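**Q** sequence-free structure coming up:
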């Protein structure tokens, strides 16, 4: 059975959406780097005694709003809980900036509002990350209760990302409708200069009929995934990078197969 009737591959069907997502991710990463560099610069100026004149109340509050907005943008990339180290770096930069700008003689009410905005934004960001992480775990635990309908986003049953040395991590479950589904992670490694490779997934026990298959490249270089062959007892996924690998690379694929009686 061909990929045309069995797959829902996001990277090959929505290139514009993924291009926009990549651009947004780069922008957010740039904002995070800007916050870190700014924090180092302002802290060094404060330690050198170059910052002595207190900032006016209005300017202090405007600075807090701008910093909180930039931090919110930077945190947005990391709210899935996959990069808490990055969020910790952003929070540290925000606290360093806040401490460096809290000069003696500042208006106490404005200073209180300044810290309230900074700390409030950071607490909100970390709370959002915790809630999204818990939601991902709940969806992963409950994904066996029902299979994905054709066209549904496979992110709805996405569990936590596995460790870098995990090559396959699959779960086979029965569904409430009397069918079964197989879902989880597949990782394929590519050597320098390699552009194409294939993933083979065995269905054991086999499905009663060829299942519907969904696959999405989760991390790694930009690529397209095609279900080259889908049978009741297994499937072959062909992976093609947009350009040859410049170094040893790996592509992490989220996979889902389901069949109903």
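**A** All right, it came through fine. If you're wondering where the values come from, they're calculated on a predicted model, not measured in any experiment. Residues are numbered from 1 along each chain as shown.

**Q** Three-state assignment for residue 187, please.
**A** The local conformation at residue 187, judged by DSSP: H, G, I helix; E, B strand; the rest coil, is strand.

**Q** domain parsing for the chain?
**A** 17-140, 146-259 (automatic domain parsing).

**Q** Output those as CSV; include the columns mean neighbour count and mean pLDDT.
**A** Every C-beta, even on glycine, is put in place using the N, C-alpha and C of the backbone. CSV is the format used below for the domains of the chain (neighbours: other Cβ atoms under 10 Å; pLDDT from 0 to 100):
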stretch, mean neighbour count, mean pLDDT
domain 17-140, 16, 77
domain 146-259, 17, 84
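
**Q** Identify the residues contacting stretch 107-119?
**A** Contacts of stretch 107-119 with the rest of the structure, by Cβ atoms under 8 Å, 6 or more residues apart in numbering, involve 54, 56-58, 60-61, 63-65, 67-68, 94-95, 97-98, 101-102.

**Q** what about 6 Å?
**A** 57, 60, 61, 64, 68, 94, 98 (Cβ atoms under 6 Å, 6 or more residues apart in numbering).

**Q** Now the second one: which helix or strand?
**A** Under the criterion of DSSP states H and E, residue 60 resides in helix 57-76.

**Q** starting at the chain centroid, how far to that helix?
**A** Relative to its parent chain, helix 57-76 has a centroid offset of 24 Å by Cα atoms, centre = their mean, to the nearest Å.

**Q** Could you pull out the helices in the chain for me?
**A** Along the chain, the stretches classed as helices by DSSP state H are 3-6, 10-13, 15-47, 57-76, 84-101, 108-142.

**Q** For residue 245, give its distance to residue 232.
**A** Separation of residue 245 from residue 232 (Cβ to Cβ, to the nearest Å) stands at 33 Å.

**Q** so who does residue 184 touch?
**A** The contact partners of residue 184, by Cβ under 6 Å, 6+ apart, come to 169, 170, 171.

**Q** Not including adjacent chain positions, what is the nearest residue to it?
**A** Spatial nearest neighbour of residue 184, excluding adjacent residues (Cβ to Cβ, 6 or more residues apart in numbering): residue 170 at 3.7 Å.

**Q** what's the answer for residue 75, then?
**A** Computed as Cβ to Cβ, 6+ apart, the closest residue to residue 75 that is not its neighbour in sequence is residue 125, at 4.1 Å.

**Q** Could you pull up phi and psi at the residue of the chain most remote from its centre?
**A** Computed with Cα atoms, centre = their mean, the residue of the chain farthest from its C-alpha average is residue 105, at 42.8 Å. When read as degrees, to the nearest 10, the backbone of residue 105 gives phi 90, psi 0.

**Q** ok, now how distant is the residue nearest to it when sequence neighbours are not counted from residue 114?
**A** Among residues not flanking residue 105 along the chain, residue 54 sits closest, at 4.2 Å (Cβ to Cβ, 6+ apart). Going from residue 54 to residue 114 by Cβ to Cβ gives 11 Å.

**Q** now do residue 245
**A** Separation of residue 245 from residue 114 (Cβ to Cβ): 48 Å.

**Q** Residue 184 now?
**A** From residue 184 to residue 114 the distance is 47 Å (Cβ to Cβ).

**Q** How about residue 61?
**A** On the measure of Cβ to Cβ, residue 61 and residue 114 end up 6 Å apart.

**Q** got it, and residue 57?
**A** Distance, residue 57 to residue 114, using Cβ to Cβ: 9 Å.

**Q** wait, the residue nearest to residue 105 sits on residue 106?
**A** Yes: applying Cβ atoms under 6 Å as the test, residue 54 and residue 106 come out as touching, 4.3 Å apart.

**Q** Overlap of the contact sets of those two?
**A** Any residue near both residue 54 and residue 106 by Cβ under 6 Å, 6+ apart counts here, and not one turns up.
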